[in-house]
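In: Model the following, please.
(one chain, ligands or ions: 1)
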Amino acid sequence: LSWKEEAKKRVAAEAVGHVKNGYIVGLGSGSTVAYAISNLSRKIKEEKLDVLCVPSSYQSSFIAVKEKIPLTTLDEYPILDLAIDGADQIDKKLNLIKGEGAALAREKIVASSAKKLIIIADETKLTANLGLDHHVPIEVLPFGAKFVLNRILKSGWKATLREGKGKVGPVITDNGNFIIDADFGIIKDPRELEMKLKNIPGIVETGLFIGMVDLAYIGTKAGKIQKLEKK
Ligand code: 5RP
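Out: All right, here's what the predicted structure looks like:
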């Protein structure tokens, strides 16, 4: 495995170490979370734990089912003990950009339902400034996609409708919506940007996760884990 995959595995194991018997656990999405799901499956079997999980996407649901992890829903358990998720960018204040896997809306709901949110990522995701060489994924209602795109472009930013792979035309999210990738450059005030975006009709959710993270484990190239905690 490459150092990155090793790092992802390492932080996934560290996060799963927080899961206790009786926990209801929110599962994020992406390749790092996939390691956490496999690790959690092993832990549940070995320690004979009574744990239920709420997946944030078809991807994490399918992996969890394959790994024989019992699943539940937010309807049954609206409060989760813990959520584990990945990130595309993370700054020192533990603010995030997420949504490369187009699962950001459900991920944000799962993360917001959890008493504790742990983020796992390799060190390439660490940044001094959110938005530096990175776009922000935004989930939009198909009906309003062109309207939202024009609003963002008119404000002087760059934005494109995300095209699908394995399908012609736009990416369709698990919620039946589209994704706009918007480039805001360096984001000085992520909370303010989030508020501005949320005021545009048609925007369902943004990939900005502000002030939500309790703990982040960052896997380094040197084979270590950097722990970042909410202040
Ligand atoms: C999906 C996400 C993922 O958590 C994010 O893209 C990180 O994925 P990976 O662990 O594969 O790098 O936000 O919407």
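In: For the rest of this, base every contact and every neighbour count on C-alpha atoms.
Out: Noted.
In: Contact partners for P78?
Out: Each residue near P78 by CA atoms under 8 Å, 6 or more residues apart in numbering is listed here: S113.
In: So it belongs to a strand, correct?
Out: No. With DSSP: H, G, I helix; E, B strand; the rest coil as the criterion, P78 is coil rather than part of a strand.
In: Helices of the chain, residue ranges please.
Out: With DSSP state H, the ranges of helices along the chain come out as 3-16, 31-46, 58-66, 104-113, 145-154, 190-198.
In: Verify the stated contact: F209 with I97.
Out: Yes. F209 is within contact range of I97, at 6.3 Å (criterion: CA atoms under 8 Å).
In: Which one of the helices of the chain lies nearest to I79?
Out: Relative to I79, the nearest member of the helices of the chain by CA to CA is helix 104-113, separated by 5.3 Å.
In: where's V33 relative to the ligand, distance?
Out: Counting by CA to the nearest ligand atom, to the nearest Å, the separation of V33 from the ligand is 6 Å.
In: Stretch 219-231 and the ligand, are they touching?
Out: No. Using CA under 6 Å from any ligand atom, stretch 219-231 stays clear of the ligand, coming no nearer than 11.7 Å.
In: ok so, going back, now the helices of the chain as a markdown table including mean pLDDT, mean neighbour count and distance to G219?
Out: Below are the helices of the chain laid out as a markdown table (pLDDT from 0 to 100; neighbours: other CA atoms under 10 Å; distance: least, CA to CA, whole Å):
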| stretch | mean pLDDT | mean neighbour count | distance to G219 |
| --- | --- | --- | --- |
| helix 3-16 | 98 | 22 | 4 |
| helix 31-46 | 98 | 20 | 11 |
| helix 58-66 | 98 | 16 | 21 |
| helix 104-113 | 98 | 22 | 21 |
| helix 145-154 | 98 | 17 | 34 |
| helix 190-198 | 97 | 15 | 24 |
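In: out of these, nearest to G131?
Out: Taking CA to CA as the criterion, G131 comes closest to helix 190-198 out of those, the separation being 9.1 Å.
In: by contact count, what packs against the closest one?
Out: Under the contact criterion of 3 or more CA pairs under 8 Å, 6 or more residues apart in numbering; DSSP states H and E, helix 190-198 touches strand 203-206.
In: Quick one: name the residues of this structure near the ligand.
Out: When proximity is defined as CA under 6 Å from any ligand atom, the chain approaches the ligand at 29-33, 85-88, 98-104.
In: From the residues you listed, pick the one nearest V213.
Out: Each of these was checked against V213 using CA to CA; the closest is D85, at 9.9 Å.
In: ok, that closest one - how many residues close by?
Out: By the measure other CA atoms under 10 Å, the count of residues near D85 is 29.
In: For the closest residue to it other than its chain neighbours, give its distance to L161.
Out: Distances taken as CA to CA, 6 or more residues apart in numbering place G28 nearest to D85, at 4.2 Å, with adjacent residues excluded. The spacing between G28 and L161, counted by CA to CA, to the nearest Å, is 23 Å.
In: Mind checking which of these two has more residues around it?
Out: Regarding G28 and L161, a neighbour count based on other CA under 10 Å identifies G28 as having more, with 32 against 19.
In: State the number of residues packed around I118.
Out: If you count neighbours by other CA under 10 Å, I118 ends up with 25.
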